[in-house]
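> No sequence on hand, only this structure:
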């Protein structure tokens, strides 16, 4: 990138200034809440994808906003899993680096055992049986 120091401001220098402003803005935005904005839009897209009509999708959005309370699928384990998943996102990066460095110093057999235990945990938290094919509508 080069800077134009001579002459009046023109399209080239305006574009360079815009590029610098965007780069500075991108480097300032580091708060985790600023990085989570794609999540609601992706989830909203899934609602539109799964709904059989626009009316059904709007009904689902309305129920999300108004029908608070637990359903039969909301268990304490599910709430704890969601809370833990959200809390992990706010762990400072130095702590994460230190934990990863400590784990890398463990013997390979211990690392394999921890990895296996993590896979078992994922299997226990997942649904039983084979999940239905969600793309059958195409």
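That came in fine, so what should we check first? Fair warning: this is a prediction, and the values are worked out from it, not measured in the lab.
> where in the protein is pLDDT low?
For the chain, applying pLDDT under 70 flags the ranges 1-39, 134-138.
> That one: strands as residue ranges?
For the chain, no strands are identified by DSSP state E.
> OK, contacts around residue 125?
77, 81 (Cβ atoms under 8 Å, 6 or more residues apart in numbering). For every residue, glycine as well, the C-beta is placed using N, CA and C.
> Okay, domains of this structure per the record?
Under automatic domain parsing, the residue ranges defining each domain of the chain are 10-68, 72-127.
> what's the closest of those domains to residue 133?
domain 10-68 (13.0 Å; Cβ to Cβ).
> Now do the contacts for residue 96.
Residue 96 neighbours (Cβ under 8 Å, 6+ apart): none.
> For it, give its distance to residue 107.
22 Å (Cβ to Cβ, to the nearest Å).
> do the same with residue 132
41 Å.
> repeat for residue 59
Relative to residue 107, and taking Cβ to Cβ, residue 59 is found at 55 Å.
> With neighbour numbers in mind, choose between those two.
Using other Cβ atoms under 10 Å as the criterion, residue 59 and residue 107 rank with residue 59 on top: 12 against 8.
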